[in-house]
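>>> Kindly return the folded structure for what I paste below:
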Amino acid sequence: MSSNVHTVDEIFLFLGTDPEDPSDLGGEVEFWIGRGEDAEKHIITKSSCVFIPAGLVHAPIVFRKVRRPFKEIVIFTGPVLVEYPVEDWPPEYVPMKPPPGLPIVDTKRTKLITKWVPK
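Model prediction:
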């Protein structure tokens with residue numbers, strides 16, 4: 001997932017599934033906030049809520065380690081979502097290599113071909 005920005009607020013919930021310790025996420029999520037050289041890397045290892053206000057550049061979001069299943073829930077606060085890609089990658093970001101044989105989609109060359117318009 002490349003960096004992007006939205007016209008509405010976005011809320012990310014990362015929830016652990018261990019009933020004995022629900023605060024333990026069960027993995028490690030690398031969450032980037034900001035653009036290009038100003039981006040900050042945050043490592044999430046506990047059940048967490050991340051609020052991204054409209055207009056704040058965020059992502060990539062990378063699941064670096066998974067010890068057991070956990071939940072990611074994404075909530076948008078408006079009825080219509082408009083997402084704009086941002087081409088500035090954080091300088092420290094290292095993308096994970098895909099498994100062999102997995103087709104690769106170049107998100108920088110992919111264009112939106114449909115548009116949803118509310119009635």
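
>>> what are the ranges of the strands in the protein?
4-6, 10-16, 24-33, 40-46, 48-52, 58-66, 70-76, 83-85 (DSSP state E).

>>> I'd like those laid out as CSV, including mean neighbour count and mean pLDDT.
For glycine as for every other residue, the C-beta is placed from the backbone atoms N, C-alpha and C. Converted to CSV, the strands of the chain look like this (neighbours: other CB atoms under 10 Å; pLDDT from 0 to 100):
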stretch, mean neighbour count, mean pLDDT
strand 4-6, 18, 89
strand 10-16, 18, 97
strand 24-33, 19, 96
strand 40-46, 13, 97
strand 48-52, 15, 97
strand 58-66, 16, 92
strand 70-76, 13, 96
strand 83-85, 13, 81
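
>>> Between the ones you listed, which one is closest to Glu92.
Distance to Glu92, taken as CB to CB, is lowest for strand 40-46 among those, at 6.3 Å.

>>> helices or strands up against the closest one?
Applying 3 or more CB pairs under 8 Å, 6 or more residues apart in numbering; DSSP states H and E, we find strand 40-46 packed against strand 24-33.

>>> Paired strands for the strand it packs on, with orientation please.
Its sheet considered, strand 24-33 pairs with strand 40-46 (antiparallel), strand 58-66 (antiparallel) by DSSP bridges.

>>> give me the beta-bridge partners of the residue nearest to the spatial centre of the chain?
When CA atoms, centre = their mean is applied to the chain, the residue found nearest the centroid is Ile61 (3.7 Å). Legend: beta-bridge partners of Ile61 under DSSP bridges are Phe31.
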